[in-house]
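Q: 3D model of this:
(chains A and B)
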Amino acid sequence: MLTVKGHRGENTSLLIKGGHLIDPAAKIDAPMDLLLRDGRVSEVAPPNKLRGSSDEKFDAKGLIVAPGFIDLHVHLREPGQAYKETIASGTAAAAAGGFTTVCTMPNTQPVVDTAEWVSWLRQPERGAVVNVFPIAAATRGSKGGTLTDFAALQRAGAVAVTDDGKPILDDDVMRMALRLGAELNFPVVQHAEDTRVTENCSMHAGPTSFRLGLRAMPASAEATVVDRDVAQAQQVPESRLHVAHLSTADALKAVRRGKRAKARVTCEVTPHHFTLIDESVGEYDTNFKMNPPLRSAADREAILVALADGTVDAIATDHAPHARHEKAVEFERAAFGITGLETALALAITRLHRDHRIGLMRIVELFTSGPAHVFDLGGRGSLARGSFADVTVFDPKKRWTFEAAKSRSASHNTPFDGWQLTGKVVATIVGGKIVYRCE
Amino acid sequence: MSEPGGGTRRTPFLFAVTTLAAGVLAAYHAPFALFFHESASMNTPARGSLLGIEHLDTKEIEGLLKLARRMNPQKPRPLLRGKRVVLLFYEASTRTRTSFEFAAKALGATTTLVQSSGSSIEKGESVIDTGYTLRAAGADCIVIRHPSAGAPHLMATHLDIPIVNAGDGMHEHPSQALLDAVTILKHKRSFKGLQAAIIGDIFHSRVARSACHLLTRFGVKITLCGPPEFVPEVAATLVPGLRVTRHIEDALRGTDVVMLLRVQKERLAGQKIRVQDYIARYQMTAARLKLAKRDAIVMHPGPIIRGLELTAEVADGLQSVIVDEVHNGVPTRMAILARALGKAR
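A: Have a look, this model is predicted:
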């Protein structure tokens, strides 16, 4: 299946032949050959129409060729928590999952709230194998009080601001963030959770939390914050609000309202929220503990509808690695979060495409042009001529079993260990270079 | 799905521990095994464990109730001679701890009490590591009370010895449900056709959850009663056969068993309902008790707060079996421990 000339990393041009190109931004869903040269897309043409030589050829027969996937929400834990993950290990996992670009969350130690830390994240010494675009803190130390220097953060390369994990609850601070963001065309990402009502809670409030005797977060704790944020986004002209890891039916209603009113409101959904529900927690399995928590079956239904109808802009993993000892404790004390980079595409194909008949075009859109649009990542999320040569090649029919122990992430806190999935990444290409290839 | 690779049960790290030093050594090495053998870290609980009523077979419940009625603390049986039972209490307890200890001793076992204060728990040792340590020191069974729901389950999935849940957070209190069932069966011929009312703070109550699981299994119709803060609508989803009412008169009419739960003033403090309102609407008084069947029994897991959830008149009245419940705690826990250690004869 794979014939490669030359050595990895040395090529300046790469021809991807015989594949089926899906490029939602260019509305292409057809057999196409693709020539990458000097880090850019040089030519896109029907099969065998490309002339001229290439240093390397990639036979993509029977495979889907798509723009490189973009993950708007990952925790790579640096600076400060390299025992959970490093930029090197996290981006290796990203590459294995088909992601060519990841946007990192600032809730590190220290919090990424200065231009210096944004630049530090982007230095080659970090050992990233895919593009890393930092999201910086919206307030100093993510304490919710004083806004950070958005302009300086943006100049240093941040693509958005957020206090992820710690929502901006204060009305005035949120409005100021949206205003300043509007001036700079800079998205404000909100982790929507009214922490005033979710203190000491470890899962979604419903029959399962009652049965297990766990203090629980009502769905309304998310919806009330999204409601307020959307209302503010409608009031502040040109502001950009992005709702992170949206998980409830009511929050979706608020996003729809904002979109109908032509406010610049976007949202992302995680694979675990469209795959699992609160009942999946079973008997206190901490690999099913994350924030926002797994919701009700009705919430998952609403999310599936919104993924199909275009309300959701992106699938994002909320990849949140934790060391073993942080999960091998009482459920209430366990860290929130699961890894997700290596299972995202397979869960999307298995759950959305195979089980719910959502087309591959739409799924690819949710991984590419959708997220690129959310953060205005120019030249990415499409394979139009001149775009960055970031490509994901996958086999939508391949059945495989995910084994957490073989994950490239430094942590293995996933609920999907041992799951049989359909759809596998075959190669990940960043800037024209193959950074991952399935053995 | 949890980690499925748990085929082999964790083997004991050290069998005969004769000296304290050896125990400490084993305790030191045990935790590291967790990190090296990933697939061995999660297992099914050891036979004889009692983590809750919910997942217990009806036959097992019947067996335990039968055994409990045969146990007599006044006539010790050395079924567990040479066995070491650890009472691991992360939370305060009077009756549960005492009756488990008396029960273990009546069966000839050696017991030791480990509490969070004055042990390594204070120094930040994890539940699993404490379990490894106690196992390595020679524990044959651990009775655990813990403020976090699921803590006994966590310990049981990491150890190869039976774990007995003596109350975990707001989750379950299976030994209390069993002794309550024993108490009911002493006063009623069978569970058949019985109606029960559970009144009070059901949301925070592990006793209520275990009682609902157990009694509905035998066809008892249960009405849960209290203000929405204490009895949310979702409570009715716990098991089929439950109903929620806000009116104590409605709950009491025609009932055979009245189970009251302690109302903690500090919990009322954070709620919309005031203590005086609660007393006015839900306190069990002699007058209200007349609404229940004439031979209805009044139960309470304790500790009771006279003048709050019930009057002294009701607590000490002829229908009260509150002291009897405590009395039945010892034989019931004898049965639980005998079953845990495979001596359920």
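
Q: Is it correct that residue A:35 is in contact with residue A:54?
A: Yes. Using C-beta atoms under 8 Å, residue A:35 is in contact with residue A:54, at 6.3 Å. Heads up, the C-betas are built off the backbone N, CA and C, glycines and all.

Q: Next, show the common contact partners of those two.
A: Residues touching both residue A:35 and residue A:54 (C-beta atoms under 8 Å, 6 or more residues apart in numbering or on different chains): A:13-15.

Q: Return the distance of residue A:135 relative to chain B.
A: 31 Å (C-beta to the nearest C-beta, to the nearest Å).

Q: what's the answer for residue A:317, then?
A: 19 Å.

Q: Tell me, how many residues neighbour the closest residue to that residue other than its chain neighbours?
A: Using C-beta to C-beta, 6 or more residues apart in numbering or on different chains and skipping the chain neighbours, the partner closest in space to residue A:317 is residue A:340 (3.5 Å). Other residues within reach of residue A:340, judged by other C-beta atoms under 10 Å in any protein chain shown, total 29.

Q: Just list the residues touching residue A:340, thanks.
A: So, once contact is read as C-beta under 8 Å, 6+ apart, residue A:340 ends up touching A:270-272, A:317-320, A:414.

Q: from those residues, which ones fall inside strands?
A: Among the contacts of residue A:340, no member is found in strands (DSSP state E).

Q: Which members of those residues occur in helices, if any?
A: A:271-272 (DSSP state H).

Q: Name the nearest of the contacts of residue A:340 relative to chain B.
A: Of all these, the one with the least separation from chain B (C-beta to the nearest C-beta) is residue A:414, at 9.7 Å.

Q: So the closest one sits against residue A:287, correct?
A: Yes. The pair residue A:414 and residue A:287 qualifies as a contact (C-beta under 8 Å) at a distance of 6.2 Å.

Q: okay, and the common contacts of the two?
A: With C-beta under 8 Å, 6+ apart as the test, residue A:414 and residue A:287 both reach residue A:338.

Q: CA atoms only: put the top helix by length along chain B into CSV for me.
A: Across chain B, the longest stretch assigned as helix under DSSP H is helix B:322-340. In CSV, the C-alpha atoms belonging to helix B:322-340 read as follows (Å, rounded to 0.1, in the frame of the first residue of the first chain):
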residue,chain,number,x,y,z
ILE,B,322,-34.7,1.7,67.5
VAL,B,323,-32.8,-0.1,70.3
ASP,B,324,-33.6,-3.4,68.8
GLU,B,325,-32.0,-2.4,65.5
VAL,B,326,-28.7,-1.8,67.4
HIS,B,327,-29.1,-5.1,69.2
ASN,B,328,-29.5,-6.9,65.8
GLY,B,329,-26.4,-5.2,64.5
VAL,B,330,-24.1,-7.7,66.1
PRO,B,331,-25.6,-11.0,64.8
THR,B,332,-26.1,-9.5,61.4
ARG,B,333,-22.4,-8.4,61.2
MET,B,334,-21.4,-11.8,62.5
ALA,B,335,-23.2,-13.3,59.5
ILE,B,336,-21.5,-10.8,57.1
LEU,B,337,-18.0,-11.5,58.5
ALA,B,338,-18.6,-15.3,58.5
ARG,B,339,-19.7,-15.1,54.8
ALA,B,340,-16.8,-12.8,54.0
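
Q: From the contact counts, what lies against that helix?
A: Judged by 3 or more C-beta pairs under 8 Å, 6 or more residues apart in numbering or on different chains; DSSP states H and E, helix B:322-340 is in contact with helix B:58-70, helix B:95-106, strand B:141-146, strand B:163-168, helix B:174-187, strand B:297-299.

Q: again, only this time at 6 Å
A: The contact analysis (3 or more C-beta pairs under 6 Å, 6 or more residues apart in numbering or on different chains; DSSP states H and E) places helix B:322-340 against helix B:58-70, helix B:95-106, helix B:174-187.

Q: quick one: residue A:386 from residue A:185, how far?
A: To residue A:185, residue A:386 is 22 Å away according to C-beta to C-beta, to the nearest Å.

Q: And residue B:53, by the same measure?
A: Distance of residue B:53 to residue A:185, computed by C-beta to C-beta: 59 Å.

Q: Mind checking which of the two has more residues around it?
A: residue B:53 (28 against 12).

Q: What pLDDT is listed against the more buried one?
A: In this model, residue B:53 is scored at 98, pLDDT.

Q: contacting residues around it?
A: Taking C-beta atoms under 6 Å, 6 or more residues apart in numbering or on different chains, we find residue B:53 in contact with B:174, B:177, B:210, B:213-214.

Q: what's the spacing between residue B:165 and chain A?
A: To chain A, residue B:165 is 11 Å away according to C-beta to the nearest C-beta.

Q: Report the spatially closest residue to that residue, excluding sequence-adjacent ones.
A: residue B:152 (4.0 Å).

Q: Please consider this matter closed, and thank you.
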